[in-house]
Each structure stands twice: as structure tokens, then as C-alpha cells.
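**Q** Prediction below, plus the sequence it came from.
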Amino acid sequence: MSEPRFAVGDRVRTSTVDPPHHTRLPRYARGQVGEVVEVQGTWPLADDRAQGFADPRVEPVYTVRFPAADLWGPPGGHWVQVELWESYLEVAT
Amino acid sequence: MSRVNDVGGQSGFGPILVAEDEPPFHADWEARVYALNVAMLRQGVYDLDQFRDAIERMPPAEYLAASYYERWLHAVETLTTGHGPAGHE
């Protein structure tokens, strides 16, 4: 278990890495800047569980929202929310 | 990994059709596959992430040609036999 590194309102950038295994960071949300809108508590990392690890990492999960226009270009006056584990995220500068 | 299932935001797949009063299953075997998978998950034979991973590792042509519950069956067979689909009709 770990304390959440991010809080509601924080701007985060998603990983650009496409790992060679199952992950819950969809391709369209990779390398994007979004805003944390909810902290969901801690959950076993899907990437580790999918590989059958006996002791998967347990991390905070965040609901992060992205402007749809950032992901797919205009038009797009709405937001897309994705639930993301902490290791998918870094501070957006 | 960006596998064949990861199509969010891609165009060209056409609209998602939502049928009124669509039944949860279109054939008895689909209900059996559903029940079998729930039983495997509850027994801890594998977990939901391993299940999703098994579906994502389907060969792309096979994945795209398969129905929803055919993909489930593929994953159940892969995870319970270690060899993938074996002799089903």
C-alpha cells in the first residue's frame, strides 16, 4: 500500500511506454496530460496480476479526465475519463 | 501492449448498434461460457486481469472474426488448458 502521490485537481501526464503485456492504459490516452478528478483507493496493479505475479504491486488508482479534443482533435467539447493506476502517471510540467 | 482489442477512438468500425430488449445471451452455449468463467474466477483458477490478457493475446484475425462469447470461450480454454482452443465446434 502507498499514500496517493496525486490529489484531485493535479495535472498528470500518462506514460508513453507501450509495455509488452496487458495494461489498463489505453493507446489513445498514452502520453497525454489530464486532470485528477477522483482518488479511488488502492488496487492491485492489473499489469502485474495479468502476468501471474504472486505479489502484485498495490497502487492508488485515479480517475483522470482528458479533453476529448486533445485525444482525437476537434470537434470535441467533452471530456473522457479513464481510471489509471499510479505507475501510469507522472507530474505534468 | 497495444493489441487488437485496443481500438478506442479508432474510426472505421461503424456505429455501435444498441438493440431494444436484446436478450443477454443469444444461445445456450453463451450462458454456459458465462457461468463457467464466473466459476473459474470465483474459484481463483485465474483472475480478471489474466482473463483480459488471454483475450487480448488472440491472433488479430481470429479476434476480429470472433463474437463476444467466442472470445470468452477462447480465454477460458487458454487459461484452463494452457493450450488455447481445443476441439470445440
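**A** Perfect, thanks for sending it.
**Q** residue boundaries of the strands in chain A?
**A** A:11-14, A:33-44, A:58-67, A:79-85, A:89-91 (DSSP state E).
**Q** I'd like those as JSON lines, with mean neighbour count appended.
**A** Backbone N, C-alpha and C define where each C-beta goes, glycine included. Below are these laid out as JSON lines (neighbours: other CB atoms under 10 Å in any protein chain shown):
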{"stretch": "strand A:11-14", "mean neighbour count": "17"}
{"stretch": "strand A:33-44", "mean neighbour count": "16"}
{"stretch": "strand A:58-67", "mean neighbour count": "20"}
{"stretch": "strand A:79-85", "mean neighbour count": "19"}
{"stretch": "strand A:89-91", "mean neighbour count": "15"}
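**Q** any chance of these in TSV, plus distance to residue B:62?
**A** Shown next, in TSV, are these (distance: least, CB to CB, whole Å):
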stretch	distance to residue B:62
strand A:11-14	30
strand A:33-44	29
strand A:58-67	32
strand A:79-85	27
strand A:89-91	34
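**Q** Dump those into a markdown table; add mean pLDDT and distance to residue B:18 as well.
**A** Shown next, in a markdown table, are these (pLDDT from 0 to 100; distance: least, CB to CB, whole Å):
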| stretch | mean pLDDT | distance to residue B:18 |
| --- | --- | --- |
| strand A:11-14 | 98 | 30 |
| strand A:33-44 | 97 | 27 |
| strand A:58-67 | 98 | 25 |
| strand A:79-85 | 97 | 20 |
| strand A:89-91 | 97 | 33 |
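**Q** And the ones you listed: which comes nearest residue B:24?
**A** strand A:79-85 (24.8 Å; CB to CB).
**Q** Contacts for the closest one, please.
**A** A:14, A:24-26, A:29, A:34, A:37, A:40, A:43, A:45-47, A:59-68, A:71 (CB atoms under 8 Å, 6 or more residues apart in numbering or on different chains).
**Q** run the last query once more with 6 Å
**A** A:29, A:45, A:59, A:61, A:62, A:63, A:64, A:65, A:66, A:68 (CB atoms under 6 Å, 6 or more residues apart in numbering or on different chains).
**Q** partners of that strand, with directions?
**A** Strand partners for strand A:79-85, identified by DSSP bridges, are recorded as strand A:58-67 (antiparallel).
**Q** got a list of contacts for the partner strand?
**A** A:1, A:4, A:32, A:34-40, A:42-45, A:79-87.
**Q** All set, thanks.
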